[in-house]
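Enquirer: structure for this input, please:
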Amino acid sequence: MTGWPQGRWAWVAGAGTAALLVLTAMDLGQHYQLPLGAALALGAARALTLGLAWVRPKLSLPGSLATAVLTAAVCVPVSADEPWPWPVTSVFGHSIVLAVIAARASRRRAPGGPAGDHVQRGPLAGWWVATQLTGVGAMLLAPERGSWVGLLTMAVFSLVAVVIGDLQRSRAEARQQLVEQEELTEAERAERALWQERARIARELHDVVAHHLSVVVVRADSAPHRLQTLPEEVRTEFAGIAEEARSSLTEMRRVLRLLRSEPGELEPQPGLEDLAGLVERARQAGASIELDATTEEVDPAVAHTAYRVVQESISNAVRHAPGAAITVVVRQVQNELRVTVANSTGGSGTKNTTGHGLLGMRERVSLVDGTVRAESTPDGGFVVEAVMPAQAR
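Expert: Coordinates of the predicted model:
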């Protein structure tokens, strides 16, 4: 993920880059007596590395370290109190660069992503180590010019910066996963509505058209027996009518099977074994969730339905009761699977919801002969309980 920040963060990044230039030049000119031109040049180089951290991180990392080394090479401390080999602005600037890149790094390279614009976490740790080794080398070459305190300061500050950036990246990825999960839920609701409409059409065709075709077959087959005086050509005609109606009925049943088959039903679907991953993704996004799941042999269709019930209930709790404590309990008692998702009152208050989410949940559970109960709790929270047969009938 690269690119200059958008919106108000663009102003923050721009102001921070400009401030780093000015502060670096002032620090080097005042405390290390560098000429104004040299101080401004190093300040511009330091600011440039921060700007590159947003748009070209693979150039920013070596550029930032090179700027720090160049600064250490040309700066001579005025007094023993001035840090060397890393001036304060070098520590501050290099740490910010590491934090920005850590926040935008990833665990693995995105497929098809440009190699020049992508930094992974492993190389980032390598650059942190390289920074510390460079400082140690400078101290060994000129021990009289600095102190080990400066090296320790750079090590601690840059490490903290990397950790903070990494935590920010983890939270951003978790939020993105939650958004994608909610988008998938919405897409599934739309697909479920389409499937329900197809099922309704199938019922209408079965109840009306198929019924009448069956009557035609029965009457055409029985006509020669009921009407003994019919000529032979008429009997042949009735037999043809019965055969045509029977063929049409066969085709109608094939169409009904197609209408009733759920799109994607042959693809692998998440089940009870995937609940831990679902809960963990929600936790990473900031939700407080406890999972208690104990089951035995459960029909795959029922397990998938239970997963969707938990997914939709967590999504509703996060949306309508942000900050609420959520408890997920999945229990199997004999041939009955019971799924309970309860949440306390959220930071903004719990809002009861009886919209398409619960409607779709009830329709899904009813397909496996189950029931759903959803209601507010006495303490102001909300609870959803689904009861299904462990083995689909």
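Enquirer: ok, Q177 touching L278?
Expert: No: counting by Cβ atoms under 8 Å, Q177 stays clear of L278, with 10.3 Å between them. In this view, the C-beta of every residue, glycine as well, is placed from N, C-alpha and C.
Enquirer: who's more crowded, the two?
Expert: L278 (18 against 15; other Cβ atoms under 10 Å).
Enquirer: for the more buried one, what are its contacts?
Expert: Q181, P270, Y307, V310, Q311, I314 (Cβ atoms under 8 Å, 6 or more residues apart in numbering).
Enquirer: repeat that for 7 Å
Expert: Going by Cβ atoms under 7 Å, 6 or more residues apart in numbering, L278 touches V310, Q311.
Enquirer: if I look at it, how far off is L358?
Expert: 19 Å (Cβ to Cβ, to the nearest Å).
Enquirer: also Q284?
Expert: Applying Cβ to Cβ, the value for Q284 to L358 is 26 Å.
Enquirer: spatially nearest residue to S170, not counting backbone neighbours?
Expert: Distances taken as Cβ to Cβ, 6 or more residues apart in numbering put Q284 closest to S170, at 6.7 Å, once the chain neighbours are dropped.
Enquirer: helix, strand, or coil at the closest residue to H31 other than its chain neighbours?
Expert: Leaving aside its sequence neighbours, H31 sits nearest to E82 (Cβ to Cβ, 6+ apart; 5.1 Å). Per DSSP: H, G, I helix; E, B strand; the rest coil, the secondary structure class of E82 is coil.
Enquirer: so who does A19 touch?
Expert: Counting by Cβ under 7 Å, 6+ apart, A19 makes contact with nothing.
Enquirer: again with T345
Expert: Counted by Cβ under 7 Å, 6+ apart, T345 has contacts A321, A324, D379, G380, G381.
Enquirer: of those, which pair is most distant in space?
Expert: A321 and D379 (11.8 Å; Cβ to Cβ).
Enquirer: of the two, which one has the most company?
Expert: Taking neighbours as other Cβ under 10 Å, A321 and D379 compare with A321 leading, 23 against 9.
Enquirer: which stretches in the stretch 151-300 of the chain count as strands?
Expert: 288-294 (DSSP state E, counting those that start in this stretch).
Enquirer: need the CA coordinates for stretch 166-178. PDB is fine.
Expert: C-alpha atoms of stretch 166-178 as PDB (Å, rounded to 0.1, in the frame of the first residue of the first chain):
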ATOM      1  CA  ASP A 166       3.200  -2.300  12.800                       C
ATOM      2  CA  LEU A 167       0.400  -2.100  15.300                       C
ATOM      3  CA  GLN A 168      -1.300   0.600  13.200                       C
ATOM      4  CA  ARG A 169      -0.900  -1.600  10.100                       C
ATOM      5  CA  SER A 170      -2.400  -4.600  11.900                       C
ATOM      6  CA  ARG A 171      -5.500  -2.600  13.000                       C
ATOM      7  CA  ALA A 172      -5.900  -1.200   9.500                       C
ATOM      8  CA  GLU A 173      -5.800  -4.600   8.000                       C
ATOM      9  CA  ALA A 174      -8.300  -5.900  10.600                       C
ATOM     10  CA  ARG A 175     -10.700  -3.100   9.900                       C
ATOM     11  CA  GLN A 176     -10.400  -3.800   6.100                       C
ATOM     12  CA  GLN A 177     -11.100  -7.400   6.700                       C
ATOM     13  CA  LEU A 178     -14.200  -6.500   8.700                       C
END
